[in-house]
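Novice: sequence and predicted model, in that order:
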Amino acid sequence: MRVTAVDYLRSSPPAGNGFNQFEWGGYLIHQLWPGQRVFIDGQSDFYGEALFREYAQVAEQRDGWADVLGRRGVEWMICGSDSSLVRLLVITPGWRVAHRDPVATVLVRSHPASPESPGLDKRVANRVTAPAQPVVA
């Protein structure tokens, strides 16, 4: 994980709940707690199987993944810049890139999440094909 993305989160902490890449959870806790909480970290037995399934559903963009983000009130996320989730959210209305470097991207909602947040239009999901080009912010 790149320190620049964590520096961004520390200097411009987004409001609301976040979603993070599983492997980065422990580092994020170490660097950002108590100001920011993580969605999940390596202590998956602590969080329970249901939360881990929801994490995997979002990370792999399985059916209903956008609904999970709405139910959990996720307002921001930090994931690998080359991940399919980041490539998808970059072109999804309601999300914007707040920070991007070659390793990590921080995205924030441009409107509040809610349990009624609509799912992603399948036409948008089908446009995600090429890796994102890294941009240093």
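Specialist: Now that the structure is in, tell me what you want to look at. Numbers count the residues shown, from 1 in each chain.
Novice: and what about the residue positioned nearest the centre of the chain, helix, strand or coil?
Specialist: The geometric centre of the chain, computed from its C-alpha atoms, lies nearest to Met77 (C-alpha atoms, centre = their mean), at 2.7 Å. Using DSSP: H, G, I helix; E, B strand; the rest coil, the structure places Met77 in strand.
Novice: what's the closest non-adjacent residue to it?
Specialist: The shortest distance from Met77 to any non-neighbouring residue, by C-beta to C-beta, 6 or more residues apart in numbering, is to Phe19 (4.0 Å). Quick note: C-beta positions are derived from backbone N, CA and C, even for glycine.
Novice: picking that back up, in contact with the residue nearest to the centre of the chain, which residues?
Specialist: Contact partners of Met77, counting by C-beta atoms under 8 Å, 6 or more residues apart in numbering, are 18-20, 85, 89, 106-107.
Novice: look up the pLDDT of it for me, please.
Specialist: Note on Met77: pLDDT of 97.
Novice: span of stretch 12-20 from start to end?
Specialist: Stretch 12-20 has its terminal residues 16 Å apart, counting by C-alpha to C-alpha, to the nearest Å.
Novice: buried residues in that stretch?
Specialist: Buried residues in stretch 12-20, counted by 16 or more other C-beta atoms under 10 Å: 14, 17-20.
Novice: which of those residues fall in helices?
Specialist: Among those, the subset assigned to helices under DSSP state H is empty.
Novice: out of those, which one sits closest to Pro102?
Specialist: Using C-beta to C-beta, Asn20 is the member of the buried residues of stretch 12-20 that lies nearest Pro102, at 17.8 Å.
Novice: would you mind confirming that that closest one is in contact with Leu28?
Specialist: Yes - between Asn20 and Leu28 a contact is recorded at 5.7 Å, counting by C-beta atoms under 8 Å.
Novice: ok, now which ones touch the nearest residue to Val38 once chain neighbours are set aside?
Specialist: In this structure, Val38 finds its nearest non-sequential neighbour in Gly25, 4.5 Å apart by C-beta to C-beta, 6+ apart. When contacts are counted by C-beta under 8 Å, 6+ apart, Gly25 touches 38-42.
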